[in-house]
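Student: Fold the following and give me the result.
(one chain, ligands or ions: 1)
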Amino acid sequence: MNHDIKDINLAKKGALRIEWAGNNMPVLGLIVKRFSKEKPLKGLKIAACLHVTTETANLVSALKAAGAEVYLCASNPLSTQDDVAAALVKDLKVPCFAIKGEDNKTYYKHIKAVLALEPDITMDDGADLVSVIHKERKFFPLGGTEETTTGVIRLRAMQKEGVLKYPIIAVNDAQTKYLFDNRYGTGQSTVDGIIRATNKLLAGCNFVVCGYGYCGKGVAMRARGMAAKVIVAEIDPLHALEATMDGYDVMPIKDASRIGDVFVTTTGNTSVIRREHFLLMKSGAILANAGHFNVEIYIPALEKLSRKKKRIREFVDEYVLANGRKIYLLGEGRLINLAAAEGHPAQVMDMSFANQALSAEYITKHHKELKNHVYAVPEDIDKNIARLKLKSMGIRIDTLTAEQRKYLSSWELGT
Ligand SMILES: NC(=O)c1ccc[n+]([C@@H]2O[C@H](COP(=O)([O-])OP(=O)(O)OC[C@H]3O[C@@H](n4cnc5c(N)ncnc54)[C@H](O)[C@@H]3O)[C@@H](O)[C@H]2O)c1
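Tutor: Predicted structure coming up:
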């Protein structure tokens, strides 16, 4: 079987960690049970470009249980868990192409390796498979799914320009995805990544969050929980107002640059922290990114401003600026929660990947009706995942009475 991973001997450790994650993914577990019986993806080829983590391994198992053939590569050069890649190859017999720390050339070689399958369905996290398929134009799958905000933005741009050649389900936009994964998942794991990389005390420090979207809200919330003084930088007036009323200091990134101890970007945008900001920063400032691509902190300017650079700890690069100040960049500006920690906890990926699995099934059943557009996850799938998740947590909720249902659908009754 074709594959390219770091070390097959890591498989035993990976298998145990995959089992641990699986124990915390009850909704996906229920889907696996049904998929094993019904085989809804029988004979289908799926190419997945996702972070190669323990949770992804459980998703791949679910797709295989449904009868699909799955090839997997990494959606970021620093997010692969090498022991998981080994277990995928050895135990699950999945052609996996992913090595933590791979260079750009290898990253794209791995993408091409999974596309050699000529998949019926693509599963992306950042739209790299879709992008390469459209550039090469050798074949177009029946449909695809997209895991993250940045990927959905890229795909909507393609739809707008009329160049998207097959339908995509925007898994990111399911409420059971972004409300939990982006917020609680990114929140906890980003703070986890910063702590694992630096072992710094967050209590009392000025912690700057750039971008108060779903990821930013989660990071700010968890940093405050660690007793950091959180500052938010935004460009959207509503999100800035929301941050203010959530009790954070809001100011332009330029002002925050002078006082911040830790900076985290979660915008999905480019060059959010750049030359003019590096020059204002205190010596010792720590920079991390949790947005999808490594462009939010403009690293070329940091390189140019620096007279010395060294790796002082794993995932921590010390830049000494010409003005003598030291700035610390974590995880080469790549998703810090995946580079220095383990990514999102399984409990939230349970819902994100339930959406992935059910969206793949939906594409299989409905691809003939779909246009070459970006579609939302159908509402019944989204609601059902929420219901199953609550059930798995032993939480019961109320249901509408007949009178309430009637009241909510009528307009005559007033004061
Ligand atoms: N680290 C992870 O595991 C993880 C998980 C989910 C999403 N993501 C990625 O994180 C990024 C953010 O995702 P999201 O769902 O929070 O998006 P979002 O659209 O909800 O939020 C982005 C926020 O950034 C703000 N923003 C844009 N440009 C800015 C600028 N120059 N300065 C300050 N604020 C700016 C926007 O106004 C918005 O409020 C995306 O790239 C997404 O793909 C990462």
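Student: Can you give me the buried ones in the longest strand seen in the chain?
Tutor: When the chain is parsed with DSSP state E, its longest strand is strand 306-313. For strand 306-313, burial by neighbour count (16 or more other CB atoms under 10 Å) applies to residue 306. (Each C-beta comes from the backbone N, C-alpha and C, glycine too.)
Student: what sits up against whatever helix or strand comes next after that strand?
Tutor: Sequence order places strand 316-321 as the next helix or strand after strand 306-313, per DSSP states H and E. If you take CB atoms under 8 Å, 6 or more residues apart in numbering as the criterion, strand 316-321 is touched by 197-198, 278-279, 302-303, 305-312, 326-330, 332.
Student: if we can go back for a sec, model confidence over the longest strand of the chain, on average?
Tutor: Averaged across strand 306-313, pLDDT comes to 98.
Student: got the angle for that strand vs strand 316-321?
Tutor: On the basis of axes from the mean of the first three to the mean of the last three CA atoms, to 10 degrees, strand 306-313 is oriented at 160 degrees to strand 316-321.
Student: Pairing partners for strand 306-313, with directions?
Tutor: In the sheet, strand 306-313 lines up against strand 316-321 (antiparallel) (DSSP bridges).
Student: Please state the offset of the partner strand from the chain centre?
Tutor: Its chain's average C-alpha position is 27 Å from that of strand 316-321, according to CA atoms, centre = their mean, to the nearest Å.
Student: Ok, stretch 274-285 next?
Tutor: Distance, centroid of stretch 274-285 to centroid of chain: 27 Å (CA atoms, centre = their mean).
Student: In it, which of the residues would be classed as buried?
Tutor: For stretch 274-285, a neighbour-count test (16+ other CB under 10 Å) marks 274, 277, 278, 280, 281, 285 as buried.
Student: same check, this time on stretch 103-118
Tutor: So stretch 103-118, judged by 16+ other CB under 10 Å, has buried residues 106, 107, 110, 111, 113, 114, 115, 117.
Student: And the spatially closest residue to the second one that is not a sequence neighbour, how close does it get to residue 208?
Tutor: It refers to residue 107. Among residues not flanking residue 107 along the chain, residue 77 sits closest, at 5.0 Å (CB to CB, 6 or more residues apart in numbering). Noted for residue 77: a distance of 26 Å to residue 208, by CB to CB, to the nearest Å.
Student: before we move on, what about residue 320?
Tutor: For residue 320, the distance to residue 208 (CB to CB) stands at 21 Å.
Student: the more surrounded of those two?
Tutor: More crowded of residue 320 and residue 208, by other CB atoms under 10 Å: residue 208, with 29 against 16.
Student: Report the contact partners of that one.
Tutor: Per CB under 8 Å, 6+ apart, neighbours of residue 208: 230, 231, 232, 233, 253, 256, 260, 262, 263, 264.
Student: so which of those is the most crowded?
Tutor: In terms of neighbours by other CB under 10 Å, those top out with residue 264 at 33 neighbours.
Student: Just say helix, strand or coil for it.
Tutor: Secondary structure, DSSP: H, G, I helix; E, B strand; the rest coil: residue 264 is strand.
Student: same deal with the one 4 residues further on?
Tutor: Recorded secondary structure, residue 268: coil (three-state DSSP).
Student: Read off the pLDDT value for it.
Tutor: For residue 268, the model assigns a pLDDT of 97.
Student: which parts of the stretch 101-250 of the chain sit against the ligand?
Tutor: By the rule CB under 6 Å from any ligand atom, the part of the stretch 101-250 of the chain lying against the ligand is 148-150, 178, 182, 186, 210-216, 233-236, 239.
Student: Can you name the residue of the stretch 151-300 of the chain nearest the ligand?
Tutor: Closest contact between the stretch 151-300 of the chain and the ligand, by CB to the nearest ligand atom, is at residue 213 (1.6 Å).
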